Every structure is written in C-alpha cells, then in structure tokens.
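> here is the input, now give the coordinates:
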Amino acid sequence: MIDSFSCSSIIYNDGVIQNSNGFPLLIRRLQRQDWDSLVKSASTSLNSKVVSQYSKLLAPLAVDVVLSVIDPVKPELVDLRDVRIVKKLGGTVDDTELVKGLVFDKKMDRILKEERNYILGMIKKIKATGCNVLLIQKSILRVAVTDLSLHYLAKAKILVVKDVERDDIEFITKNLNCLPIANIEHFREEKLGRADCVEEVSLGDGGKIMKISGIKDMGRTTTVLVKGSNQLVLDEAERSLHDALCVIRCLVNKKFLIAGGGAPEIELSRQLGVWAKVLQGMESYCIMSFAEALEVIPYTFAENPSLYMLTIVAELRNRHAQGEIDAGINVRKGQIINILEENVVQPLLVSTSAITLATECIRMILKIDDIVTVR
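Residues are numbered from 1 along each chain as shown. I've put the predicted structure just below:
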C-alpha cells in the first residue's frame, strides 16, 4: 500500500510537468515577458487580501525584492531571511517602498546633558577604530545603554541606534558586511561596516526613521518600508507582501507556471484511473483511491463559489477525456474554459509540494502498527 501511494505521487509530480503547457521562467536570463509573468503570479496571491487594491504596487515590488536577493552562484535558492520588512505607522500603503540600505523604526537619541560620570575607556577604544555609528542590541536583562553613556558617545560624535532586536542582528551584519561584537576588547576596525550616509528621515506625519544608505560591499539583502494608516492595515500589508514573496520564491525554485483551476489535478486523476484499471489487487485499489482523492481539489473549487459541484466536475472530467488538458474551472464565470487563456496559473512547486507532503503523511500513518496510550 505504501509503495502504491508513493508511486502515485511520483507519477503525479512527473505528469504535471509533462501534461501541462508550463513555460520556464529563466531567472538567469530574465526577459521582460518573464518579469510580467512573475508580477501576474504575485498579483494573483494578493487579490484575496485586504490590501488587494494595492496589488499594482506590491506585486512588482515583491518581484524586485526576490530578484535582488538571488545569489548568482545558486539562483534557485532564495532565503527570505535576507528580506526585512519594516512597518511604520503613518501614510498609506501607497507609500511603501523598496530601500537600498537599512531602515530602523527609531530616532536619534536625545541624551540628558546633566549627567557627567562615566568611564571613558570604552568610548576611547570605539573612537580609535574610526567608528562613528553604533548599533546596540536590545537587552532583556538590563538597560543596554544608559543616558550617561549616550551623553559621552554624543560628545565623541558617535551616533547611537539602540534597542536593535536580536532577530535583526544577522540581517544587519549581512547587509553591512560587518561582524557583531560582544566584547569591547574585540572592537577592531576590520570588523566595521561602511556606509556613505546615516540620517534621520521625517515621514511628514511627525514620525521619523533611521536610514543607512550608500553601504560599501553591501550583502545580497533588501529592506522594504511598509506604511499604513493604522496597525491593522500595516499587519495585513506585511502578511500579504510575505505571501507574494513566497509565491515568487516558488517560481525561482521551480521555474514553471502550470494551469490552475483544478486542471492538472483532474487530468492526472483521469490518467491514474486509467492506469489503475490495468493493474490488479491492492496496488490497483490504492492507485484508484489516490486518483479519486485528487478530485477533491476541483470539487473544492466548485464548492467555494456555490456552483453545482457534481455537474461542474463531471463536465470538467469529460472535457479532459476529450483531450482538453488545460480545461479548468473559472469560478467567476462558473464555467469550464481553457484556463491558460484566462491566465489562471499557479507555481509548479505549490502543486507538487502539496501532493508530496500529503503522500508522506499517509506513508507515516500506514507505517504505524499500533498505538499505546500512556497516561
């Protein structure tokens, strides 16, 4: 049984590529029409979101973000940890921008001048290296930097950005091409990053951010500054943008788009059903069950817009039996049409990953002989 399900999954993954008129997205030699295809895929993922009205802005931005962090040595691998989304209250989502550099949702520190007692040794060592901007990680155990130390750092003309989140340290060091320093004794010039400008930027609504630009030997990272009129819009814009980035990442990993609308699932279900009739015994039963399970996807597509499921799926099955392998369900029109002509497509990796993971889950369950309840 396990081998039969595994075999069905392999046949599905191979068949999706062979039977769908997918077209490669050559990231290494990116053409204009390929960029447009990526934007359309990102727009599709944004259409169901609260911020769907901003898809014309966010979709191209998501594509540019992913393409900017691709490593030429391994172009098929995209690490979204190299993308940092900074949310700032104020303005609208239309003001969202891709920043070439670093952005912090912080202001330059205004220190108390009346305090005058602090050991200057650490500051002298920092100044000796030529450092004039200091990024200090946030501490949960104590105050990371006191007002007194900020006063002396300001006197030494060293700009301080404090309370940097621990999760951002790796991204910042990769962006600035520098090394994190945990001990003042290890503070050396060769560990520093270099940039042309560190400035405090006013956003027009009273808010301010810190921006680092002109970074020397900048790593393959990028920052997106998302703006919104309230926290709900900000959070939704961040989630929507992340979803769009994941779609583009899928297309970079597997450079193919395939038909949507349940077309590949119903076609492979039909082919597996034909093959199952040739086999005998348990193997035939398992493969036929796998084929029937694939029809859940087109059934769900028909159910969501309240179409007649049995009629729609039966017609879809007949159209594929007649050789129309790109026929799919258009939920807006409530019809079976050539889904590629309507530009309803999806990343290949989405479909193959879902089937592979579902099959692995079934394999794991079937391997369980007994369950022992322990209190």
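
> of all the residues in the top helix by length along the chain, which ones are buried?
For the chain, the helix with the greatest residue count under DSSP state H is helix 231-253. Residues of helix 231-253 classed as buried: 233-234, 236-238, 240-241, 243-253 (neighbour count, 16 or more other C-beta atoms under 10 Å). For glycine as for every other residue, the C-beta is placed from the backbone atoms N, C-alpha and C.

> paired strands for the helix or strand that that helix is followed by, with orientation please.
Once helix 231-253 ends, the next helix or strand along the chain (criterion: DSSP states H and E) is strand 256-259. Counting by DSSP bridges, the strands paired with strand 256-259 are strand 23-24 (antiparallel), strand 345-347 (antiparallel).

> quick check: mean pLDDT across strand 256-259?
Mean pLDDT, strand 256-259: 80.

> how about stretch 337-350?
Across stretch 337-350, pLDDT averages out at 82.

> quick one: the helices in this protein?
Using DSSP H, helices in the chain cover 2-19, 32-46, 55-68, 121-128, 147-155, 169-176, 231-253, 263-278, 281-294, 296-303, 309-321, 348-366.

> how about those, which one is nearest residue 95?
Residue 95 sits nearest to helix 55-68 of all the helices of the chain, at 9.4 Å, using C-beta to C-beta.

> can you list the helices of the chain in CSV and add distance to residue 188?
Formatted as CSV, the helices of the chain follow (distance: least, C-beta to C-beta, whole Å):
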stretch, distance to residue 188
helix 2-19, 51
helix 32-46, 43
helix 55-68, 30
helix 121-128, 10
helix 147-155, 18
helix 169-176, 15
helix 231-253, 36
helix 263-278, 57
helix 281-294, 60
helix 296-303, 58
helix 309-321, 67
helix 348-366, 44
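
> which of these has the lowest average pLDDT?
The minimum mean pLDDT among the helices of the chain belongs to helix 2-19 (a mean of 67).

> does residue 250 touch residue 349 like I think?
Yes - applying C-beta atoms under 8 Å as the test, residue 250 and residue 349 come out as touching, 4.2 Å apart.

> if we can go back for a sec, just checking, what packs against the longest helix of the chain?
Under the contact definition 3 or more C-beta pairs under 8 Å, 6 or more residues apart in numbering; DSSP states H and E, helix 231-253 sits against helix 32-46, helix 55-68, strand 83-89, strand 222-228, strand 345-347, helix 348-366.

> residues in contact with the fourth one?
This means strand 222-228. Residues from elsewhere that reach strand 222-228 (C-beta atoms under 8 Å, 6 or more residues apart in numbering): 61, 65, 68-69, 82-93, 95-103, 175, 203, 209, 234, 237-238, 241.

> swap the cut-off to 7 Å and go again
Residues from elsewhere that reach strand 222-228 (C-beta atoms under 7 Å, 6 or more residues apart in numbering): 61, 65, 68-69, 83-93, 95-99, 101-103, 234, 237-238, 241.

> that one to strand 83-89, inter-axis angle?
Put simply, strand 222-228 runs at 20 degrees to strand 83-89, going by axes from the mean of the first three to the mean of the last three C-alpha atoms, to 10 degrees.

> got the buried residues for stretch 304-311?
Going by 16+ other C-beta under 10 Å, stretch 304-311 has these buried residues: residue 307.

> now swap in stretch 73-86 and tell me
Buried residues in stretch 73-86, counting neighbours by 16+ other C-beta under 10 Å, are found at 78, 82, 83, 84, 85, 86.

> would you mind measuring the gap between the ends of that stretch?
End-to-end distance of stretch 73-86: 28 Å, with C-alpha to C-alpha, to the nearest Å as the criterion.

> check the offset of it from the chain's centre.
8 Å (C-alpha atoms, centre = their mean, to the nearest Å).

> pLDDT on it, on average?
Within the predicted structure, the mean pLDDT of stretch 73-86 is 84.

> which residues sit against it?
For stretch 73-86, the external contacting residues (C-beta under 7 Å, 6+ apart) are 27-28, 65-66, 69-71, 103, 105, 168, 171, 174, 220-226, 238, 241, 245, 249, 252-253.

> please redo it, this time with the cut-off set to 6 Å
With contact meaning C-beta atoms under 6 Å, 6 or more residues apart in numbering, stretch 73-86 is reached by 27-28, 65-66, 69, 103, 105, 171, 221-226, 238, 245, 249, 252-253.

> can you flag the buried ones in the residues you listed?
Buried by 16+ other C-beta under 10 Å: 27, 65-66, 69, 103, 171, 221-226, 238, 245, 249, 252-253, out of those.

> mind checking which of the helices of the chain is nearest residue 189?
Comparing the helices of the chain by C-beta to C-beta, helix 121-128 comes nearest, at 8.5 Å.

> quick check: angle from the closest one to helix 147-155?
Per the same axes, to 10 degrees, the angle that helix 121-128 makes with helix 147-155 is 30 degrees.

> residues in contact with helix 121-128?
Contacts to helix 121-128, defined as C-beta under 6 Å, 6+ apart, come from residues 152, 156, 184, 187.

> quick check, nearest of those residues to residue 277?
Residue 277 has its nearest neighbour among the contacts of helix 121-128 in residue 187, at 73.6 Å by C-beta to C-beta.

> ramachandran angles for the closest one?
The phi/psi pair for residue 187 (degrees, to the nearest 10) reads phi -80, psi 100.

> separation between it and residue 98?
Between residue 187 and residue 98 the distance, using C-beta to C-beta, to the nearest Å, works out to 33 Å.

> go on, residue 297?
Between residue 297 and residue 98 the computed distance is 35 Å (C-beta to C-beta).

> more neighbours: which of these two?
Between residue 297 and residue 98, residue 297 has the larger neighbour count (other C-beta atoms under 10 Å), namely 21 against 15.

> hang on, isn't the more buried one packed against residue 262?
Yes - counting by C-beta atoms under 6 Å, residue 262 is a contact partner of residue 297 at 5.3 Å.
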